Each structure stands twice: as structure tokens, then as C-alpha cells.
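K.L.:
build me a model:
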Amino acid sequence: MKKQLTVGIIALLAMVFLAACTNNNDSSPTNDETNEQEEMNHEEMDHEGMDHSSDGEIPEGLEKADEPTYAVGSTVTIKNGHMEGMEGAEAKIVGAYNTTAYAVNYTPTSGGDPVKNHKWIIHEELEEPGEAPLQEGETAVTTADHMEGMKGAEVEIASSEDTTVYMIDYTPTTGVEKVKNHKWVTEAELER
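P.N.:
Sure thing, here's the model as predicted:
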């Protein structure tokens, strides 16, 4: 009798467990929703190793903008930040330069997951790139060190734009320490 009761309890628990495992309601995310969430998480993670501040050194050959929309010393608001705490932050323009800015894909030289659509590396931060702009899918080696493992990495051009890029000082909206000489934001990412 005791053995039958034990077998019955085990069978009942197995049925409950199996029923829970096969519950097919529509509350689980679709493949598109899962992929979208993974992509958003990856974009946020892409900048975790970013060295937000720099020494302000300008790459050789980079030309100052003659009449930038936002003059050096002016205050702007970052409207389209590419890192956490940028969007909505007030920034001071430290430098303005005419160049080609690239969003790039690369695998860090220090190892780790590939970085997709990193914004921005400029033409002057590429080793022997030839004439600007490079086309989508072309590759080059970067001299930029905005993130750990970036310098010396082969980058694939995801997109490019001829624009004025700005070096800025800003305090992230997340309340962390002020960022000085951040490289780079494009004109389209700023507003008065």
C-alpha cells in the first residue's frame, strides 16, 4: 500500500511538472521580440568598456571646422546619445572638426564579443585609409582607443557620414562623474 501511494505521488508530481513545462500560452516572447531585446542589450553593452574621457589629443591631419554650427565654448544639449547618460545631457563644445565619421563593427583585440555599430570613429583614426569616405563593408585598422581593445582592431564600416564632429565635455544624466574631451558626437546628435 505504501509503495502504491509513493508511486502515485511521484506520478502526480511528474504530471504537474510536465504540464508546467508544456504550458503553451502566448505570454512567451516571439523570436522577433527576443532578437530585438538581445539587440538592445548588446547595444547597451557595446559601450561598457568605453573610456569616456580622453586627453583631448587630436589625430594628425584632422582639420578644425571654419564655421561650425556649434562654436567652441558654446553649450548644447545632446539629443541623440550613443551611450547611457548622454541623451538629454548638457554639453560644452571643446572642439569642432570637419571629417568623415564612421559607425563600425569590430572584435576587440583584447577578446570578448564583437561590437556592432560603434559610433563614432573618424577617418583620421584609421591606418592608411585612402580617400574618404570608405564604403559600407570596407575594412581598415583603427588607431582610436575609445574603448578597451579598440586600438589596432580591424573595423568594418557599417555606415559613414561627412559631417562636423565635436569633442565635448558633459555630465551624464545618470549622475556619474563629468566626462571631459569625449570623442565624438556628430552635429545631428546635438541641439541648442
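
K.L.:
you'd agree Leu126 is up against Ala140?
P.N.:
Yes: contact criterion C-beta atoms under 8 Å: Leu126 and Ala140 qualify, at 4.3 Å. Any C-beta I mention is one placed from the backbone N, CA and C, and that applies to glycine too.

K.L.:
with neighbour numbers in mind, choose between these two.
P.N.:
Applying other C-beta atoms under 10 Å to Leu126 and Ala140 shows that Leu126 carries more neighbours, namely 24 against 21.

K.L.:
could you measure from Pro129 over to Ser160?
P.N.:
Noted for Pro129: a distance of 11 Å to Ser160, by C-beta to C-beta, to the nearest Å.

K.L.:
so for these two, which sits in the more crowded spot?
P.N.:
Ranked by neighbour count (other C-beta under 10 Å), Pro129 and Ser160 place Ser160 first, with 21 against 18.

K.L.:
wait, that one touches Thr99, no?
P.N.:
No: distance between Ser160 and Thr99: 10.2 Å, which falls outside the contact criterion (C-beta under 8 Å).

K.L.:
report the contact partners of the nearest residue to Asn80 once chain neighbours are set aside.
P.N.:
Of all residues not flanking Asn80 in the chain, Glu189 sits nearest, at 4.4 Å (C-beta to C-beta, 6 or more residues apart in numbering). Residues near Glu189 by C-beta atoms under 8 Å, 6 or more residues apart in numbering: Ile78, Lys79, Asn80, Gly81, His82.

K.L.:
so which of those residues is the most crowded?
P.N.:
Most surrounded of the contacts of Glu189: other C-beta under 10 Å gives Ile78, at 24 neighbours.

K.L.:
quick check: pLDDT value at that one.
P.N.:
At Ile78, the model reports a pLDDT of 97.

K.L.:
repeat that for Ala14.
P.N.:
So Ala14 comes in at 54 (pLDDT).

K.L.:
picking that back up, spit out the residues that contact Ser160 and Thr99 alike.
P.N.:
Ala132.

K.L.:
looking at this protein, which helix or strand is least sure?
P.N.:
Here the helix or strand of the chain ranked lowest by mean pLDDT, DSSP states H and E is helix 31-45, holding a mean of 38.
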